[in-house]
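**Q** Below are the sequence and a predicted model for it; my questions follow.
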Amino acid sequence: QGPLVESGGGLVQPGGSLRLSCAASGFTLDWLTIGWFRQAPGKEREWVSCISSSDGRPRYADPVKGRFSFSRDNAKTTMYLEMNNLKPEDTGVYYCTATGQAQCDLYGMDYWGKGTQVTVSS
C-alpha cells in the first residue's frame, strides 16, 4: 500500500450517494493541503475539491458544488468525500492527494492514492 489509500467507490444509480474515504499511512494530514481529483475515460484528470493548508476551507469545482462535501477526521489521518445526487458525468476514477504546497495543482501534488472507481449508471 502507498501513503494514501482510497476506498468506498462502486456502482450507484443516478441521484444516489457514495462516501469515499482516504486513509493516510505514516503521516497526518493536518499540516498538508489535501484534495480529490477524478479522471473519466478518455479525459484528463481534473480537480474536484481541495482543502488548503493556508485556511482549512474546502473548495469545490463548479460541477460538484452543492452536491459534494469534503472533510477530514479529528485525528487528521483520514479524509472523506461525501457525494450526493450523483450524475452519470461523475463517473470516473477518484484519487485522493496531498501536498506541502498551499494549493491543489495537478502537477504539484506530492502524494497520490491509487484511485477508486465510481460508476453512476442506471
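**A** Done, it's in.

**Q** How about the residue nearest to the spatial centre of the chain: what's its closest non-neighbour residue?
**A** Among the residues of the chain, the one closest to the centroid is Trp36, at 2.5 Å (CA atoms, centre = their mean). Closest residue to Trp36 apart from its sequence neighbours, by CB to CB, 6 or more residues apart in numbering: Val48 at 4.4 Å. Glycine gets a C-beta too; all of them are placed from N, C-alpha and C.

**Q** Summarise which helices and strands the host helix or strand of that neighbour is packed against.
**A** Val48 is located in strand 46-51, with elements delineated by DSSP states H and E. If you count contacts as 3 or more CB pairs under 8 Å, 6 or more residues apart in numbering; DSSP states H and E, strand 46-51 packs onto strand 33-39, strand 58-60, strand 68-72, strand 78-83.

**Q** chain center to the third one, what's the gap?
**A** If I follow you right, that is strand 68-72. How far strand 68-72 lies from its chain's middle: 8 Å, per CA atoms, centre = their mean, to the nearest Å.
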